[in-house]
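Participant: Just to be clear, the model below is a prediction. Sequence and coordinates:
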Amino acid sequence: MVPSSSRAYIPGQGKPLQIERPKPNFPVYNLIARRRIRFTKTFALLVACSVLLSVAVSFLITTIIAKNVEVLAARVHLGRLPFHGIIVFDGDVGDVSAFQKSLRWPGSTYRVEWAEVESNVGRLSLLGAGYDLPEDTIQLLFPVEAGDTPSGISAWAQGNPFQKLGWADVILPDTAEGYPALYGWALVNPDFISKLDNRHQGILLELSEHFGFDPGSPVGTSHINRYFSDIEKNAPYMARVITPYSGTMSLKRATRGAFSSWQFISLLVLLSAAAAITCVLTVSFLGRKRSLGIFRVLGGTVADLRRSMTLEAAFISLPGIVLGVVAGHYLAGLLEIGDVMPLSAYIAAVITGILTMAAGVWMPLQLIKNANCDQLLNNRPVYVISNPSCANCGLCGGI
């Protein structure tokens with residue numbers, strides 16, 4: 001008779017073994033308290049150093065780019081305009097009413113038309129926003145040399161030199177420099193534009209009065225900067241945006257493009273760190289296949305094992321993220337970039353650390369997903385991409 005007991009005896013040892021079904025979902029406390037995290041010190045140090053390197057490089061590169069953009073953009077003054085801003089479309093885009101309604105602009109927007117013509121002072125872009133101008137008057141928004149005789153401007157339509165255009169009166173800009181952002185532009189009466197066949201559409205922007213923004217002598221604020229930046233970012237590819245901030249925005253885009261190679265270096269470091277983490281976690285998985293198989297037999301699920309390894313990686317990567325931010329901040333200080341680091345550097349560094357950990361843990365998680373109890377207990381090969389023929393071959397490694 002087998003005694004009725006909840007305990008099973010191991011022959012030859014005389015010690016009872018209490019068999020209990022493990023809880024399917026165990027918290028981080030149990031991972032640490034019950035020593036389920038079985039990384040050696042060397043493995044843990046490799047993972048932490050990999051994350052630290054990736055985060056530090058990302059922080060440093062993001063800071064260098066942000067500081068250079070800030071320094072160069074500060075040297076560009078806001079451009080003077082006779083209006084707050086304009087969006088002009090270079091081709092036939094159909095009805096722009098839907099786009100006009102979708103603009104997040106704290107003010108008014110007006111539909112205008114514009115056209116390009118050839119003239120004796122060069123190519124002219126005529127904007128039909130001269131509502132107060134007579135139809136036979138043109139107002140230049142850029143300076144012309146005295147030898148160009150602006151009082152006798154003659155123009156003709158592009159592609160049709162027989163369509164002659166002319167104005168009885170020519171109004172020159174108020175200052176000698178005119179409006180540099182509108183070089184080659186002129187204001188005419190809207191009725192004059194309507195007679196041209198090659199006219200295109202545009203949208204005139206006007207801020208609300210309570211902002212107190214004078215486009216003739218612009219002074220930017222954080223709120224106004226954001227509105228103008230959003231307009232330039234959300235403009236369609238066939239549109240040109242001309243605002244007092246156009247020069248600053250163009251310089252920022254050019255600066256970021258010049259540092260694109262630095263961002264590529266940051267990506268290479270991220271991938272290298274992720275590869276190192278993958279190797280460490282894979283070796284850790286292979287070294288405890290039997291114990292993981294026993295855990296599966298006792299009721300542990302694949303989700304439990306994958307959650308365990310994910311938490312292990314996160315637990316060890318967290319110090320690397322923190323130390324990486326500190327190291328990046330220190331290195332940026334040594335390069336005399338400045339004491340105040342941009343917020344984007346901290347955000348990019350933390351995101352890079354999380355992505356490094358996620359990329360590094362993907363392959364070990366796939367191994368756990370594809371492993372069954374037989375493979376774990378009998379130390380048989382486990383493949384990243386499961387293939388039925390691999391059970392009989394295995395020469396290719398399963399990938």
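Facilitator: Great, that's in hand.

Participant: Show me where the stretch 201-350 of the chain has its strands.
Facilitator: Under the criterion DSSP state E, counting those that start in this stretch, the stretch 201-350 of the chain contains strands at 239-242.

Participant: low pLDDT regions in it?
Facilitator: Low-confidence segments of the stretch 201-350 of the chain, defined by pLDDT under 70: 220, 247-252, 255-256, 336-340.

Participant: Correct me if wrong: residue 104 contacts residue 230.
Facilitator: Yes. When contacts are counted by C-beta atoms under 8 Å, residue 104 is listed as touching residue 230 (5.9 Å). (Glycine included, C-beta is placed from N, CA and C.)

Participant: higher neighbour count, those two?
Facilitator: residue 230 (13 against 9; other C-beta atoms under 10 Å).

Participant: Provide a list of residues in contact with the more buried one.
Facilitator: By C-beta atoms under 8 Å, 6 or more residues apart in numbering, the contact list for residue 230 reads residue 104.

Participant: quick one: it and residue 305, what's the gap?
Facilitator: 46 Å (C-beta to C-beta, to the nearest Å).

Participant: got it, and residue 377?
Facilitator: 14 Å.

Participant: now residue 205
Facilitator: On the measure of C-beta to C-beta, residue 205 and residue 305 end up 58 Å apart.

Participant: Compare the two (neighbour count), which wins?
Facilitator: Taking neighbours as other C-beta under 10 Å, residue 205 and residue 305 compare with residue 205 leading, 23 against 20.

Participant: With adjacent residues omitted, what lies nearest to the more buried one?
Facilitator: residue 85 (3.8 Å; C-beta to C-beta, 6 or more residues apart in numbering).

Participant: need the helices for the stretch 101-250 of the chain, in chain order.
Facilitator: Secondary structure of the stretch 101-250 of the chain, counting by DSSP state H, counting those that start in this stretch: helices at 190-193, 222-234, 246-258.

Participant: Show me what the shortest one is packed against.
Facilitator: The reference is to helix 190-193. strand 107-119, strand 122-127 (3 or more C-beta pairs under 8 Å, 6 or more residues apart in numbering; DSSP states H and E).

Participant: Identify the residues contacting stretch 186-195?
Facilitator: 82, 112-115, 124-131, 133-135, 137-141, 167, 199.

Participant: Quick one: buried ones out of those?
Facilitator: Neighbour-count burial within these applies to 82, 112-115, 124-130, 133, 137-141, 167; the criterion is 16 or more other C-beta atoms under 10 Å.

Participant: Report pLDDT for the residue nearest to residue 205.
Facilitator: Looking at residue 85, its pLDDT stands at 86.

Participant: Could you measure from it over to residue 230?
Facilitator: 12 Å.

Participant: and if you look at residue 358?
Facilitator: Distance from residue 358 to residue 230, by C-beta to C-beta: 31 Å.

Participant: can you check residue 205 too?
Facilitator: Distance of residue 205 to residue 230, given as C-beta to C-beta: 12 Å.

Participant: In contact with residue 228: list those residues for me.
Facilitator: 85, 243-245, 249.

Participant: Please report the distance of it from residue 161.
Facilitator: Taking C-beta to C-beta, one finds residue 228 at 39 Å from residue 161.

Participant: now do residue 260
Facilitator: In terms of C-beta to C-beta, residue 260 sits 44 Å off from residue 161.

Participant: Kindly report the same for residue 305.
Facilitator: Residue 305 is 79 Å from residue 161, by C-beta to C-beta.

Participant: Also residue 134?
Facilitator: 25 Å.

Participant: again with residue 334
Facilitator: Taking C-beta to C-beta, one finds residue 334 at 64 Å from residue 161.

Participant: circling back: tell me which of the helices and strands packed on helix 190-193 lies nearest to residue 341.
Facilitator: strand 107-119 (34.7 Å; C-beta to C-beta).

Participant: what's in contact with the closest one?
Facilitator: Here strand 107-119 has contacts from 84, 86, 88, 96, 100, 103, 123-129, 153-158, 161, 165, 190, 193-194, 196, 198-208, 211, using C-beta under 8 Å, 6+ apart.

Participant: same thing but 7 Å
Facilitator: 88, 100, 103, 123-129, 153-158, 165, 190, 193, 196, 198-208 (C-beta atoms under 7 Å, 6 or more residues apart in numbering).

Participant: Tell me where the model's unsure across the stretch 1-150 of the chain.
Facilitator: Looking at the stretch 1-150 of the chain by pLDDT under 70, you get 1-40, 69, 71-77, 145-150.

Participant: And for residue 326, the neighbour number?
Facilitator: Neighbours of residue 326 (other C-beta under 10 Å): 14.

Participant: now swap in residue 110 and tell me
Facilitator: 14.

Participant: What separation is there between it and residue 302?
Facilitator: Distance of residue 110 to residue 302, given as C-beta to C-beta: 62 Å.

Participant: same question, residue 131
Facilitator: Counting by C-beta to C-beta - residue 131 and residue 302 are separated by 71 Å.

Participant: do the same with residue 278
Facilitator: Distance of residue 278 to residue 302, given as C-beta to C-beta: 19 Å.

Participant: Same check on residue 108?
Facilitator: 60 Å.

Participant: More neighbours: those two, which one.
Facilitator: Under the criterion of other C-beta under 10 Å, the comparison of residue 108 against residue 302 puts residue 302 first, with 14 against 11.

Participant: surely the more buried one meets residue 371?
Facilitator: No. Residue 302 is beyond contact range of residue 371, at 8.2 Å (criterion: C-beta atoms under 7 Å).
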